[in-house]
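K.L.:
sequence first, then the predicted structure:
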Amino acid sequence: MFKNLFTKEAPKKMHVIAVASGKGGVGKSTVAVNLAYALKNLGASVGLLDADIYGPSLPLLLHTTTPINHEENQTKDGKMIPPSYAGVKMLSTGHFGEQLKATVMRGPMVNSLIKQLFSSVAWGQLDYLIIDYPPGTGDIQITLSQIANLAGAILVTTPGEIALSDVRKALHMFELTNTELLGVVENMSSFICDSCDKEHKIFGTEGGEVLAKEFHLELLGKIPIEAKAAQSADSGKPIVFSDKNCISSKKFEEIAKKIHTKLQNKTSDNLENFSLKWQKA
Ligand SMILES: Nc1ncnc2c1ncn2[C@@H]1O[C@H](COP(=O)(O)OP(=O)(O)O)[C@@H](O)[C@H]1O
Ligand SMILES: [Mg+2]
């Protein structure tokens, strides 16, 4: 099903993509992780940075809860070597174990951590670095948007009006930091019932369409609620590699292709150019 869109001759330019929403629980991490693996399935080399310091979910979504000894896994110039999981490099503060008690970290500490986390990782040659953004539109998100050299941001929303109002805030934050908006993903668009096979629009509204129309953005895709996808996430396997043929996986593949098409001609600096060294937190 997945065709390799990347040839060996293709030049490696890293595109950093923010997956964001003003709100928690709308599926940012789900979209970030599945987009990363869908791009990998298309042949790209991909990294995933979990920037949700207060609620890192990558270790659970990818079943890598064991703390990683970043002091041992360093390059000669002191950069962290990110672990790989099923072909995608990744980093999350959730992998630092007891070293980081993020829940009691105050704003300025988190800001400084974000800067170090972002600039001190030896990602190597990547086509895409996907950043799973923390919810909200405060200092942390603004700092991240300013330092990440983003190729663009994807906004995730659920169909209802309450989610939309928060997503609008995220959208304005990206406008303030001059970040290109790559489009909108509407998650939990409808519920596909296992027994009757019908699609139920439980939220009623079409939030993705509303947002896309209001701000002249592309609606990249509508992901249904699929019990299979939730179960797969809970067992530490993104749906795009546990079941490539289910509806959500196909939607994620379409989104990945759209993103790839949008960005393939854009240039972007490689993170290797950053010179800050990793320091103990
Ligand atoms: N399309 C979907 N179908 C089924 N479950 C989903 C879907 N999207 C998200 N979920 C589930 O909803 C919960 C919240 O999603 P998550 O990606 O962690 O949200 P966020 O990162 O925005 O807080 C998770 O348990 C996740 O597995
Ligand atoms: Mg999350």
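P.N.:
Cool, the structure landed. Ligands and ions are numbered 1, 2, ... in the order given.
K.L.:
could you use CA atoms for every contact and neighbour count after this?
P.N.:
OK.
K.L.:
my reading is that P59 lies in a strand. Confirm?
P.N.:
No - with DSSP: H, G, I helix; E, B strand; the rest coil as the criterion, P59 is located in helix rather than a strand.
K.L.:
thinking it is in contact with H95, fair?
P.N.:
Yes - between P59 and H95 there is a contact under C-alpha atoms under 8 Å: 6.7 Å.
K.L.:
longest strand in this structure, please.
P.N.:
Using DSSP state E, we find that the single longest strand of the chain is strand 181-192.
K.L.:
and whatever helix or strand comes next after that one, what does it pack onto?
P.N.:
From strand 181-192 onward toward the C-terminus, using DSSP states H and E, the following helix or strand is strand 199-200. Contacts defined by 3 or more C-alpha pairs under 8 Å, 6 or more residues apart in numbering; DSSP states H and E place strand 199-200 against strand 181-192.
K.L.:
other residues contacting the strand it packs on?
P.N.:
For strand 181-192, the external contacting residues (C-alpha atoms under 8 Å, 6 or more residues apart in numbering) are 26-27, 152-159, 171, 174, 198-203, 206-208, 211-212, 217-226, 259, 262.
K.L.:
cutoff 6 Å now
P.N.:
152-159, 198-201, 208, 217-225 (C-alpha atoms under 6 Å, 6 or more residues apart in numbering).
K.L.:
with stretch 212-231 instead?
P.N.:
With C-alpha under 6 Å, 6+ apart as the test, stretch 212-231 has contacts from 183-191, 239, 248, 255.
K.L.:
would you mind measuring from whichever residue of the stretch 151-281 of the chain sits closest to ligand 1 to Y85?
P.N.:
Closest to ligand 1 within the stretch 151-281 of the chain is I225: 3.5 Å, counting by C-alpha to the nearest ligand atom. Here the criterion is C-alpha to C-alpha, to the nearest Å. By it, I225 lies 25 Å from Y85.
K.L.:
these two: who's more crowded?
P.N.:
A side-by-side neighbour count of I225 and Y85, using other C-alpha atoms under 10 Å, places I225 first with 19 against 12.
K.L.:
the more buried one and N34, how far apart?
P.N.:
14 Å.
K.L.:
sort out for me which of the contacts of strand 181-192 are in strands.
P.N.:
Mapping these onto strands (DSSP E) picks out 152-157, 199-200, 219-225.
K.L.:
near ligand 1 too, which of the contacts of stretch 212-231?
P.N.:
187-188 (C-alpha under 6 Å from any ligand atom).
K.L.:
pipe the contacts of stretch 212-231 into TSV and attach neighbour count and pLDDT per row.
P.N.:
Formatted as TSV, these follow (neighbours: other C-alpha atoms under 10 Å; pLDDT from 0 to 100):
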residue	neighbour count	pLDDT
G183	24	97
V184	27	96
V185	30	97
E186	28	95
N187	23	95
M188	21	93
S189	26	91
S190	22	89
F191	18	88
I239	27	94
S248	23	93
I255	24	98
